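Colleague: 3D, please:
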Amino acid sequence: MKAITKLKSGYDEMELIDIDEPSAYDDKVKIKVAFTGICGSDIHTFKGQYNSKNTPVVLGHEFSGVVVEVGKDVSQIKVGDRVTSETTFTTCGECIYCQEKDYNLCPNRTGLGTQVNGSMAEYVIAREESVHVLNENISLEAAALTEPLACCVHAALEKTTINEKDTVLVFGPGPIGLLLCQVVKAQGAFVILAGITKDRKRLDLATEIGIDVVVDLLQEDLSKIVDQYTDGYGADKVFDCSGAIPAVNQGLALTKKKGTFIQVGLFAKKLNEIDQESIIQREIIYIGCRSQKPSSWDIALQLLEAGKIDTDRMITKIVSLDEWRNGFEKVMAGDEIKVLIKS
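Modeller: This next block holds a predicted model:
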């Protein structure tokens, strides 16, 4: 079968190659892939910024498809089911994190598209526990966004709580930022989304899908705008989805005293200069957030089923497996909002 494969570490080193078609076994499910989202981590892998220890490996972990074969130990998933799957492929099952189903924190976890072959191929193998059957009103295109949506659910609804009276500030209008804004809006909160001038297309989309206030940081005074909507107190919750230190430090200064700052975006460097004085003097709760866990997926699918997330306007380009390089280039250029690969 055709598969988009990272052949070895380094910049690019990726090709669409033919590999053996996998078979279902034990508790594993074979899925005919329909759509796969190109994620920021896929771009980092393409650029050689992630240390690819398990090469060659097929990329892809945001996907949907149809079950075509199940292993002998599979009991709940059936051939013909329309599904999506969590990225977790194996866990140790013994650590305290596994016992609490915090699989994202298991030190021995392996994931689809990183340690084992992922979904940028004609078929992918997933473990039954990770597979979710789709409600009939969730399209296969929308379902391919369940993984990033689950990451946003984990950040907004599991690492903290959102109340109707909250004013929430979000940095970064990429796919994660746009999804997170919608998760927060679904809870009834007031949302301010901040980006920069080159994000104009994404900021405009945010307005179209109902985000209350969008701000171009290079053209407008974010501090004045936040003060205006919070009586000068600052935002109750701040989410950084950019991984940009200037945004983080600006956000810390705009967080309400005793407020909460959730770090969603990943930094380019391990050590960074953070405004620790704001954290201390404002008594801010600074929370790290990593990926998602099974409960995040349940909530994400409920939001999709209820029509709370507008995925249709977020998906701005679909390419074939043969056109994968064009899809990656479009994402790297920032020309599109969300790009899917159709298998």
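
Colleague: When you work out contacts or count neighbours from here on, use the C-alpha atoms and nothing else.
Modeller: Noted.

Colleague: how close does residue 293 sit to residue 63?
Modeller: Per C-alpha to C-alpha, to the nearest Å, residue 293 is found 16 Å from residue 63.

Colleague: Quick one: the helices in the stretch 51-200 of the chain, in order.
Modeller: 96-99, 140-143, 146-153, 175-185, 200-208 (DSSP state H, counting those that start in this stretch).

Colleague: Please disregard the earlier target; I meant the stretch 201-343 of the chain.
Modeller: 222-230, 245-253, 276-281, 294-305, 324-333.

Colleague: among the ones you listed, which is nearest residue 154?
Modeller: helix 294-305 (5.4 Å; C-alpha to C-alpha).

Colleague: tell me how far the closest one is from the chain's mean position?
Modeller: 13 Å (C-alpha atoms, centre = their mean, to the nearest Å).

Colleague: how much space between the residue nearest to residue 123 when sequence neighbours are not counted and residue 325?
Modeller: Nearest residue to residue 123, sequence neighbours excluded (C-alpha to C-alpha, 6 or more residues apart in numbering): residue 32, at 4.7 Å. Distance from residue 32 to residue 325, counting by C-alpha to C-alpha: 21 Å.

Colleague: try residue 335
Modeller: Taking C-alpha to C-alpha, one finds residue 335 at 14 Å from residue 325.

Colleague: same thing with residue 115?
Modeller: 22 Å.

Colleague: Looking at those two, which is more packed in?
Modeller: residue 115 (19 against 16; other C-alpha atoms under 10 Å).

Colleague: contacting residues for the residue lying closest to residue 180 once chain neighbours are set aside?
Modeller: Of all residues not flanking residue 180 in the chain, residue 152 sits nearest, at 5.0 Å (C-alpha to C-alpha, 6+ apart). Residues in contact with residue 152 (C-alpha atoms under 8 Å, 6 or more residues apart in numbering) are 176, 179, 180, 183.

Colleague: Same list (these) but as a markdown table, adding distance to residue 284, pLDDT and neighbour count.
Modeller: Formatted as a markdown table, the contacts of residue 152 follow (distance: C-alpha to C-alpha, whole Å; pLDDT from 0 to 100; neighbours: other C-alpha atoms under 10 Å):
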| residue | distance to residue 284 | pLDDT | neighbour count |
| --- | --- | --- | --- |
| 176 | 23 | 97 | 23 |
| 179 | 24 | 98 | 24 |
| 180 | 21 | 98 | 27 |
| 183 | 22 | 98 | 25 |
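
Colleague: got those as a markdown table, with distance to residue 259 columns?
Modeller: A markdown table is the format used below for those (distance: C-alpha to C-alpha, whole Å):
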| residue | distance to residue 259 |
| --- | --- |
| 176 | 22 |
| 179 | 22 |
| 180 | 18 |
| 183 | 19 |
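
Colleague: Find the least confident helix or strand in the chain, judged by mean pLDDT.
Modeller: helix 40-46 (a mean of 94; mean pLDDT, DSSP states H and E).

Colleague: Name the residues of stretch 152-166 that come out as buried.
Modeller: 152, 153, 154, 155, 156, 157, 158, 162, 166 (16 or more other C-alpha atoms under 10 Å).

Colleague: Ok, stretch 44-59 next?
Modeller: Neighbour-count burial for stretch 44-59 [16+ other C-alpha under 10 Å]: 45, 46, 47, 48, 50, 52, 54, 55, 56, 57, 58, 59.

Colleague: Centroid-nearest residue for this structure?
Modeller: residue 148 (2.3 Å; C-alpha atoms, centre = their mean).

Colleague: before we move on, the earlier item: residues contacting the residue nearest to residue 123?
Modeller: With C-alpha under 8 Å, 6+ apart, residue 32 has these contacts: 65, 66, 67, 68, 122, 123, 124.
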